Structures are given as structure tokens and as C-alpha cells.
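# got a sequence here, can you model it:
(one chain, ligands or ions: 1)
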Amino acid sequence: MNIAAWRYYLRLYQGFHKLLSLSIILAITQSILLFASALLVGYVIDKVLPTRNLSLLVQVAIAIFFIRSLEQIAVLYKQNVDINITKWVIEKIRNDLSKKIYTFSRSYYSEADMGKLHGYLIQDTDRVDTLGGALISNLLPAFLVSLVLSSALIYLNVFLFIFSLGLAPLFFLISKIMGEKVQRRTQQFYDAFLQFNKEIWQALHQMDLTRIQTAENFELERQKRYFENLRVKSIAMLLTNGTYNIAQQLLVTTAGIIILLIGGYAVARNTMTLGNLIAFYFILNLLRNNLTKVLNSVPQIIAGNESLINLFNILEIESCRPYQGVIKLDFSGKISLKSIDFQYNNTWVLQNFNLTIPPHKAVAIVGPNGSGKSTTTYLILGFYRPQKGRLYADDRPFDILDIAHLRQQIGVVMQDVTIFSGTIWENITYGLPNATQAEVVEAATTATAQEFIIGFSKGYNTLVGYGGMLLSGGQRQRIAIARALLRKPKLLILDEPTNHLDEASVIALMKNIKQLQPAPTILIISHNLDIVQEADVIYALENGSLVAKKI
Ligand code: ADP
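Predicted coordinates:
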């Protein structure tokens, strides 16, 4: 039991005082109505049947029918209230999680197991949803109904009730022994499920790779092992749950029979009326149904508890934003990096790195793969903080700036562009849904994308497929450039534009961008010196620092 996780969870119910009270009132109403109908059954046996008054019998039967109908209406209404509460709560958790994941640093993402994280966000929220249902719709009402029904039993026969209570330690013992086993098996099953989810996620993401490597059989064999493990763990969990439920049922049934025997003895000795015994038994049966509900929801609560802890751990991950400043800078496009030293996990990438990108100029950095060019982009975007030195935007240190606001004024095209399933329009306007047709066409034209887009029969409404599969590499890159330009960036960063564009295309693109009014500052990063000749200033990145090639 993780107290902090439960405190977080229960706090989510705080806004639902009124609905929860209504749910409790409805549960109590339900049990009082049940009690009343049990008393009427006893009344029929003790008072009505001996008089052989058929019309009274019919009247009492109608009354019982009426009371039970009312009770069912209360159940229906309560169900409605409970579903509303629990679904709101799980929506709140999902919202909290989705807010949380955007606060993670890039270091977290680069090291996290995304398949697992995906599993937590999907499966664990679902299990916590089930937990909410079990608590609000089963446990809480069953507890209240049991309280009222127990009072009814005390009213009918204290001795029999005390005897029934005597069986409680036995229930407790079985719950303890079996509960631990259920918990262990449930955990093993969920671990297997998480692994299975992760493997499938990965398999779908590397479909092309698997085909290219003709690794289908290898993949199938690998997945088979996960399916097998899932089967074994799932059988073990279900059998343990089943055994647990049957053991509980058996105990409840034995208790019922013993009570019937003792009650029957009391009736035979005239210390209890037959009507009272039947009412007692009737109520005991209701109590048993209630307890069964509770017992059946125990595995769900155990699983939900595990999932709640997983989700809470995600919510507790420190959101280490590299910069905490608040000043919203109206950026002119000037960026400076001064005496920067930067390393990932003890490996220095940049050392004594100095760079100034003047506004409205085009600066190029060339360097071999792995020399730290993309890292420079990440530093400018404020994804990481250098271990030494400082970055400035318009001569203001990053520390005092609202970096998200600064980022809104920077357009970036990374070397591996991200194109998602959807239309070309949706891809270009991502993050700027209110962009006008004229703005989108202007951005696409500058990005040299307009021509091929209107060449498609559906134009901007063309669906691009998963990861932009239906487009060529160059088309994907041009769409990403249009996306970056749409926000009218003050600084435009093009990371390896030659990955998918030929030299002529890059030169045409640079010309278009330079003609924009006002012209953005451009940082172009490449391993190819030839394509950056359009830049005003060219630096080479060598051994972690810059050497001027053209000034
Ligand atoms: P370039 O863009 O010049 O090809 P990068 O800036 O991507 O180079 O990478 C520079 C070096 O930093 C490489 O050796 C790379 O392996 C390492 N590196 C890049 N990203 C990370 C990361 N998130 N964690 C650890 N090392 C990294």
C-alpha cells in the first residue's frame, strides 16, 4: 500500500462530495427497502398464512413487489451516479498524466522505455478505472448495505448474529493467505502483459526493418515466446482468482447451512418464529450476495492498487525543466552561445564552444557525423542546459527567459522529420490550427512544397499514411520545412537538409527563405560543405568547438 498514491487518488474525489453523498444515501435506501421486504416475508409466514386470508396475502405480495421495484430504481439511479463519479475521476488522472509527460526533460525521453511508458498510460489507467468502479459501485455500497443488514439480523436474532460474526476470523484468514497469492499472480500477469504490449508496439514500429532484414520468422518466434508467457501467467492468475472465490463461497455456504441448523433448532424449541428464521435467512442471503460482491472485487482492487502505484510514480517524476525563467522575449533572431561545455553521461560533446548568430543572417555549421551539430540545436531549443557557459537570445541569458515562448519563435526542421498520419494540411498546421489558407500556401511555396502538393488530386487533403509513408523523403522534408515556416520564425534551424533534398533544391529553398520579409535568421547544419555556400558565415565544428571557414 502506497499511502501517497492513495492520498492522491482519494483527493480526486474531493469535488464529488454531493454525488458521493447521494450514492451513499441511495445505498442505505436500498438496504432499508431490502430489510422492509424481508420483514414482510416473515410477516406473511407468521401472521398471514395462519389466518388463510388470501386477500391480505395478495396485498402483502403487492407491497413486497412495490418495495423491491423501488429498491431496483434506487440501484439504477445509484449506478448512474457511480459511473459518472468514477469516469470523471479517471479522466482527471488521464489529464494529469498527459500534462505530466510534457514536463519531462529530453534526457528522460532519450533514456525512457517508451513501450513500457505507453503500457502504463493505457493499461494502468484502465485498471485504475476498474478499481474506481470496484470501490464506488461495489465496496462502498456493500459495506453500507452490510451495516444495515447486520442491524436487521441483530434485530431478528442477536444470538444467531453473534454466531455468524464468530466465523469472521476464518474469512479473514482465508483472505490473507489467498489474497497474497492473488496479488503475486496478478503482478506477474501484468508484468507479462506490459512486456507483450511493449513488444507489439516495437514490432509495429519496425515493420519496414523486419521486412528488409527478412526477419519475419525471427520476430514471430520472439513474439510467440511472449504470447506463451502471457498464457501461462494469465492461466495462473485466473486459476488463483477462481480458487480464492470458490474458497470464499464454500465458507459462506457452510456458514449458511450451520445457521440454518441452529435457527431450525431454535424454531423447533419455540425460541424463534418460523417467519423470523425465514426473514433472517433471507437477509443473510442478501448479506452473502453483498459479501460476494466485495470478495469478487478484491482481485480488481489488488490489480488497481498496483497500477495506481505505477501511475503515481510517473506523476512523481521530477519535471526537471532546464530553464525556469519567465520573461517573454520579443525575439529578433540573435542567438549567442558563450564558452559552452556540454556532455551527455560523462562524454564531452562540446568544449569551449562559442557561436553568435546575428539577426537576419544565415550561419552554417559543418562537421562530421557525431561532432555535436544536433546537440547545438538542442541547446538552442533549451532542451538541455550546458554544464558550463551560457546561451543568450538577443543578449538576454536563457536563465531569465520563458523558453517555451522563445521556442515559439524558432522554426526547426530536424534531420529525421516527424510526419504523422493525417492530411498534409494537418501536418503543416500542427501547433497552429488557426492558420489561414493564404498563410499555409505561402509557407508551402517558400518551402518548395506547393507544387507537388497541388499535384495530388486531393491537394492539402491528401492522407500521408503512417509516418508519412505515402510520401517521398524529399516531400516529407519539404512539408516539415513548410510547418517550420508557418510560424514565421525569427530563427530557422535546418538540420541536415541534404538528407532528402538535392543541392539545387537546398539552394532554391535558401533563396526563397532569404527573400522573406522580415528575413529570419538561419542556422543551417550539415556535414556537406558544398550545400552551405549560400550562408553568410560558415563554421566548421572540430573537436567540440567552432573554427571559422567563411566570415
Ligand atoms: P551530429 O548531429 O553532429 O551528428 P549529435 O549532436 O547528434 O551529432 O551527437 C554528438 C554526440 O553525442 C554523438 O557521439 C552521440 O552519440 C552523442 N549523443 C547524442 N545524443 C545523445 C543522448 N541523448 N545521450 C547520450 N549521448 C548522445
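
# tell me if the helix or strand hosting Ile524 is near the ligand.
Assigned by DSSP states H and E, Ile524 belongs to strand 521-526. No - Strand 521-526 lies apart from the ligand when judged by Cβ under 6 Å from any ligand atom; the minimum separation is 7.0 Å. Any C-beta I mention is one placed from the backbone N, CA and C, and that applies to glycine too.

# identify the residue nearest Asp416 in space, chain neighbours excluded?
Nearest non-adjacent residue to Asp416, counting by Cβ to Cβ, 6 or more residues apart in numbering: Asn499, 8.0 Å away.

# and for Leu311?
Asp124 (5.2 Å).

# looks to me like that neighbour is in a strand.
No - Asp124: not assigned to a strand; according to DSSP: H, G, I helix; E, B strand; the rest coil it is helix.

# quick check, it in contact with Ser307.
Yes - applying Cβ atoms under 8 Å, one finds Asp124 in contact with Ser307, separated by 3.7 Å.

# who's more crowded, the two?
Using other Cβ atoms under 10 Å, the more surrounded residue of Asp124 and Ser307 is Asp124, with 24 against 21.

# can you give me the neighbour number for Tyr8?
Counted with other Cβ under 10 Å, Tyr8 comes out at 17.

# and it, what helix or strand is that in?
helix 3-11.

# so what secondary structure elements neighbour the helix or strand following that helix?
Once the chain leaves helix 3-11, the next helix or strand it forms, by DSSP H and E, is helix 17-43. Secondary-structure packing of helix 17-43 (3 or more Cβ pairs under 8 Å, 6 or more residues apart in numbering; DSSP states H and E): helix 54-101, helix 140-156, helix 274-316.

# SS state for Ile419?
Classified using three-state DSSP, Ile419 is coil.

# number of nearby residues for it?
Neighbours around Ile419, by other Cβ under 10 Å: 22.

# so what touches the helix or strand containing Pro50?
Assigned by DSSP H and E, Pro50 belongs to helix 49-51. Helix 49-51 is touched from outside by Leu57, with contacts defined as Cβ atoms under 8 Å, 6 or more residues apart in numbering.

# Gln223 in helix, strand or coil?
Gln223 - assigned by three-state DSSP - is helix.

# show the backbone phi and psi for the closest residue to it other than its chain neighbours.
The shortest distance from Gln223 to any non-neighbouring residue, by Cβ to Cβ, 6+ apart, is to Glu199 (6.1 Å). The phi and psi values for Glu199, taken as degrees, to the nearest 10, are phi -70, psi -40.

# so who does Glu199 touch?
115, 222-223, 226.

# and if you look at Leu167?
By Cβ under 8 Å, 6+ apart, the neighbours of Leu167 are 251, 255.

# and it, how far from Phe161?
Distance, Leu167 to Phe161, by Cβ to Cβ, to the nearest Å: 11 Å.

# please apply the same query to Ser526.
As judged by Cβ to Cβ, Ser526 and Phe161 stand 84 Å apart.

# okay, which residue is most central for the chain?
By Cα atoms, centre = their mean, the chain has its centre lying nearest to Leu121, at 2.8 Å.

# measure it to the ligand for me?
22 Å (Cβ to the nearest ligand atom, to the nearest Å).

# and the pLDDT at that residue?
Leu121 is assigned a predicted lDDT (pLDDT) of 90.

# next one: Lys181
For Lys181, the pLDDT comes out at 87.

# Thr29 too?
90.
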